[in-house]
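In: Dropping a prediction and its sequence here:
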Amino acid sequence: MLKEVRIHGRGGQGAVTAAQLLAHAAHMEGKHVQAFPFFGAERRGAPVKAFARISDIPILLHSQVYSPDYVLVLDPQLHKIIDVTEGLRKDGVIVLNTTKKPNELGLAGWHVATVDATGIALELNLRVAGQPVVNTSILGAFAGATNVVSLESVLKAIKENWRGSAGEKNAHAAELAYKRLTKGW
């Protein structure tokens, strides 16, 4: 089993951290992993991508992910300006941060799951530099939508990355997203 994940966000939203946390969670479950960013001349707020690979056997690929099984979208507007479905496998899943329901997004024909990660961050006052932190919520939603990693492993990876109250608050955001996820299939 090789599963590939592409994460779309904007600079400063934590797409790279999300890929690293996802890989860490899968590694704790005994899987082989990779996590890496794709950068150009991006700046804060510009669209960015990060990737993760999860496998039961060693991963010998060392390239960008071109045909992901899963796409995570941190910014609710990105799917309107870039093709988040590019290369997505026919049975792939898109997990999108939005207040909308999956059937309201214009992504017919795809398995889409939604969660209001921004709303969860605001509810928990989970911010960095004044911006809502959505990456940990998206990981909780990913666990709920795919079962590729368990919620417990995601929570543990988050708490190992941030100690104390920051870890607890980010873990709580992931738990809420897991519970509030809306699947469109």
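Out: Good, I have the coordinates. Numbering: from 1, shown residues only.
In: May I have the strand or helix carrying Lys156 exported as CSV, CA atoms only?
Out: Taking DSSP states H and E as the criterion, Lys156 maps to helix 151-161. Extracted in CSV, the C-alpha atoms of helix 151-161 (Å, rounded to 0.1, in the frame of the first residue of the first chain):
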residue,chain,number,x,y,z
LEU,A,151,-7.0,10.0,15.1
GLU,A,152,-5.0,8.8,18.1
SER,A,153,-1.7,8.9,16.1
VAL,A,154,-2.5,12.3,14.7
LEU,A,155,-3.2,13.6,18.3
LYS,A,156,0.0,12.0,19.6
ALA,A,157,2.1,13.6,16.7
ILE,A,158,0.6,17.0,17.4
LYS,A,159,1.3,16.8,21.1
GLU,A,160,4.9,15.7,20.4
ASN,A,161,5.4,18.6,18.1
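In: could you point out which element follows that helix?
Out: helix 164-180.
In: what's the following helix or strand after that following helix?
Out: strand 182-183.
In: List the neighbours of that next one that are in contact with it.
Out: By Cβ atoms under 8 Å, 6 or more residues apart in numbering, the residues outside strand 182-183 that reach it are Lys101, Pro102, His111, Ala113, Thr114, Val115, Ala145. For every residue, glycine as well, the C-beta is placed using N, CA and C.
In: So among those, which ones count as buried?
Out: Buried members of the contacts of strand 182-183, scored by 16 or more other Cβ atoms under 10 Å, are Pro102, His111, Ala113, Thr114, Val115, Ala145.
In: In contact with Arg89, which residues?
Out: Neighbours of Arg89 in contact, by Cβ under 8 Å, 6+ apart: Ser67, Pro68, Asp69.
In: For those, which single residue is the most surrounded?
Out: Most neighbours among those, by other Cβ atoms under 10 Å: Pro68, with 24 neighbours.
In: Nearest residue to it in space, please, no chain neighbours.
Out: Arg6 (4.2 Å; Cβ to Cβ, 6 or more residues apart in numbering).
In: In what element of secondary structure is that neighbour found?
Out: strand 2-10.
In: Could you list the paired strands of that strand along with their orientation?
Out: Strands that pair with strand 2-10, judged by DSSP bridges, come out as strand 47-55 (antiparallel), strand 70-73 (parallel).
In: out of those strands, deepest packed?
Out: strand 70-73 (a mean of 27; mean count of other Cβ atoms under 10 Å).
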